[in-house]
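S.K.: give me coordinates for this.
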Amino acid sequence: MREKFLKEANRIMFPDGRIIIIEWIRKDSDFGPPADHRLDKNVLKRNLQRAGYKDIQITDFNDYFYIADARKK
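M.R.: Have a look, this model is predicted:
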């Protein structure tokens, strides 16, 4: 399902398009979804690669979130 969404987003993007995704870091915390409902950074990166993105950068934003930034191939 995630890959299908990412492929469709890639398909409709402008040629120099970019996608930014903010996601919970996969660890237990006092709030937010349980850790097992959070998406691991490596899984998201792999999904982005399979969906045809390039220049994928994943950066911790703070103690709770990370940001994935990728460009259309």
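S.K.: state the helix or strand in which the residue nearest to L39 when sequence neighbours are not counted lies.
M.R.: Nearest non-adjacent residue to L39, counting by CB to CB, 6 or more residues apart in numbering: E23, 5.2 Å away. To be clear about C-beta, it is placed using only N, CA and C from the backbone, and glycine gets the same treatment. In the assignment (DSSP states H and E), E23 maps to strand 18-24.
S.K.: same check on L39?
M.R.: Going by DSSP H and E, L39 is not in any helix or strand.
S.K.: by mean pLDDT, point me to the weakest helix or strand of this protein.
M.R.: helix 2-12 (a mean of 92; mean pLDDT, DSSP states H and E).
S.K.: before we move on, the earlier item: who does the strand holding E23 pair up with?
M.R.: strand 65-72 (antiparallel) (DSSP bridges).
S.K.: does T59 touch A70 like I think?
M.R.: No. Contact criterion CB atoms under 8 Å: T59 and A70 do not qualify, at 12.0 Å.
S.K.: what sits against the residue nearest to L39?
M.R.: When contacts are counted by CB atoms under 8 Å, 6 or more residues apart in numbering, E23 is found next to 38-39, 41, 44, 65-68.
S.K.: recalculate using a threshold of 7 Å.
M.R.: 38-39, 44, 65-66, 68 (CB atoms under 7 Å, 6 or more residues apart in numbering).
S.K.: what of I56?
M.R.: 45, 48-49, 68, 70.
S.K.: can you select the buried ones from these in PyMOL?
M.R.: PyMOL command restricting the contacts of I56 to the buried ones, with burial defined by 16 or more other CB atoms under 10 Å:
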select buried, resi 45+48+68+70
